[in-house]
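> based on what follows, work out the 3D shape:
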Amino acid sequence: MREYTVTLVPSGRSRPFPEGTILSDALVDMGVPLRTPCGGRGLCRRCRVRLGDDASTEVLACRSVVDRDVRVMVAGASTWEVSPFPGLTRGRRLGAAVDLGTTTVKVALVDVDRGRFHTVASFLNPQRRFGHDVVSRIAAAADLRARDRMTGLIRSALRVCLEKALLASRIDGTTIETVVLSGNTTMLSLFFGLDVSPLGRYPYAAATRDFPGVAPGEVGLDGIVGGEVKGLPVFSAFLGADLVGALTLFGRTSLEGWTLFADLGTNGELFLAAPSGEVFAASCAMGPALEGMNISCGMSADDGAITRIRSTPAGLAFDMMGTGEPAGITGTALVDLIAVLLDARVIRPDGRLDLDGGRGGLPEGLTAAPEGDMKAVGLWGGLRLTQMDIRNVQLAKAAMHAASRLLMDAAGVAPADVRRVVLAGALGEKMDLEGFMRLGFLPPFGGATFEVAGNTSLEAALTACIDPGFAAQAAQARQRVREVVLSEQEAFQDVFISSLDFPGG
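Numbering: from 1, shown residues only. Have a look, this model is predicted:
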């Protein structure tokens, strides 16, 4: 494959890349990670750079490919923001915890001796150009060059992130003692350069369930990490370290009655735990819609993102990060919006947009704004919610709803037996529970208490940085798990289809 050289201006640093490499990916490899909160769809325009000797041509790096030798001026471009660790001083023993999500990666530094930590960065996984979900990336990895590229992209991104975090905290020159990664089985396997093809074909077996420490140089972190880089143990091909880590965290407290735990992400993972210690677990493909991706107006939480939407007597109101015109909406705002439109009967229980038959018409401030032959609702700043966006949310909610029902069937448990529901993941941390249940992501649990646990995947990695025995505890905890493979359940298709509709209102 032909290669072309990308040269940074004014530093003069250069590097060759294969023809067709997305320019924003090339810049990540060169230590210039541009912000692409819209997922590389050109909506947010955060990744504008200038090309040529005279920097006269402005392009979006996420929408441009390397197809010739090119000089790139990135001055003024919007790069990842890394938050400094307040009060951190030289000489501290440092760890780094990483939640390696399919869509979003979160990184925290840990003061090991004091047990303090600080989340320093959150960025979109640069592997997303190879697919928005694990199945797509497993398929892409059948090409060894693509697999190596995915491995290289995430390693480079993590290296840049840690370098910037140390520099921002004014402790550059200090090495990190250990790095602990959590995440699903595919993401961990790709990071450590393993063959993921067995994860995509029957019997869907994980080549390894443990990721013991490797030397930093083996994963591109030499000079930054002085100790080892390791991953938390996984259970199977689709039950990863994020679920095993959460189970281990909850295992440190007593359970009163059946507990349903749901990690809301591109790959949803659930477990149903009995007070006796028995655990039933399942995974479901929710897709990236609730993380702002795969949605026409979606983006991650960044400047210009609408994060919440609510109904007021004067019409709809929204909260937005930053100033100016809205650039997109996050997953939490998407749930809010669909809940409001369901109550207004603008969205029917079967998911169809009904722009004429709603209760009093569209809420104030919204308009009918067809996109070609597709029905759509016009939002603020030229944004649209399309019929396809609603369908993508329905698929996500049906996957989670069906998984929870089949998990209860396997355990012989009725909804009334569930006493506690715990929602985890970035979406669960910030969303409105009322809107979430209005959309029917889970069956109604009349007698259960609901809790929002935040990012338990990152919390497990943080705990492992501080407690050297945590990984062994996780390996022990997974022995209590019985996996319920949804595709092998006779009722799966019927339950999934019956879960597509939103609750009537």
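> tell me the contacts of residue 239?
Each residue near residue 239 by CB atoms under 8 Å, 6 or more residues apart in numbering is listed here: 185, 269, 281-283, 481, 483. For every residue, glycine as well, the C-beta is placed using N, CA and C.
> just the helices in the stretch 1-150 of the chain please.
Taking DSSP state H, counting those that start in this stretch to define them, one finds helices in the stretch 1-150 of the chain at 23-29, 134-140, 144-168.
> need the winner for burial among these.
helix 23-29 (a mean of 24; mean count of other CB atoms under 10 Å).
> what's the mean pLDDT across it?
Averaging the model's pLDDT scores along helix 23-29 yields 84.
> could you check how many residues crowd around residue 318?
Here the number of neighbours of residue 318 (other CB atoms under 10 Å) works out to 17.
> assign it to helix, strand or coil.
At residue 318 the chain is in strand, as set by DSSP: H, G, I helix; E, B strand; the rest coil.
> again with residue 410
Per three-state DSSP, residue 410 ends up helix.
> coming back round to it: can you put the helices of the stretch 1-150 of the chain in a markdown table and add distance to residue 342?
As requested, these are arranged in a markdown table below (distance: least, CB to CB, whole Å):
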| stretch | distance to residue 342 |
| --- | --- |
| helix 23-29 | 37 |
| helix 134-140 | 29 |
| helix 144-168 | 38 |
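> want to throw the contacts of residue 239 into CSV with secondary structure?
Below are these laid out as CSV (three-state DSSP):
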residue, secondary structure
185, helix
269, strand
281, strand
282, strand
283, strand
481, strand
483, strand
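> which one of those residues sits closest to residue 68?
residue 185 (39.0 Å; CB to CB).
> check contacts around the closest one.
Residue 185 neighbours (CB under 8 Å, 6+ apart): 199, 206, 234, 236-241.
> residues of stretch 363-378 that come out buried?
363, 366, 369, 375-378 (16 or more other CB atoms under 10 Å).
> of the contacts of residue 185, closest to residue 71?
residue 199 (40.6 Å).
> I'd assumed residue 190 was in contact with the closest one.
No - taking contacts as CB atoms under 8 Å, residue 199 lies outside contact range of residue 190: 10.0 Å.
> more neighbours: these two, which one.
The neighbour comparison of residue 199 against residue 190 (other CB under 10 Å) goes to residue 190, with 28 against 24.
> what about that one, distance to residue 82?
For residue 190, the distance to residue 82 equals 23 Å [CB to CB, to the nearest Å].
> ditto for residue 309
In terms of CB to CB, residue 309 sits 29 Å off from residue 82.
> hey, where'd the helices end up in the stretch 351-500 of the chain?
Taking DSSP H, counting those that start in this stretch as the criterion, the stretch 351-500 of the chain carries its helices at 387-411, 426-430, 433-438, 456-466, 470-477, 492-498.
> which among those helices is found nearest to residue 248?
helix 470-477 (4.4 Å).
> tell me how far that closest one is from the chain's mean position?
Counting by CA atoms, centre = their mean, to the nearest Å, helix 470-477 is centred 24 Å from the centre of its parent chain.
> for stretch 362-380, same thing?
That offset, for stretch 362-380, works out to 28 Å (CA atoms, centre = their mean).
> what's the first-to-last distance across that stretch?
Criterion CA to CA, to the nearest Å; first-to-last residue distance in stretch 362-380 is 14 Å.
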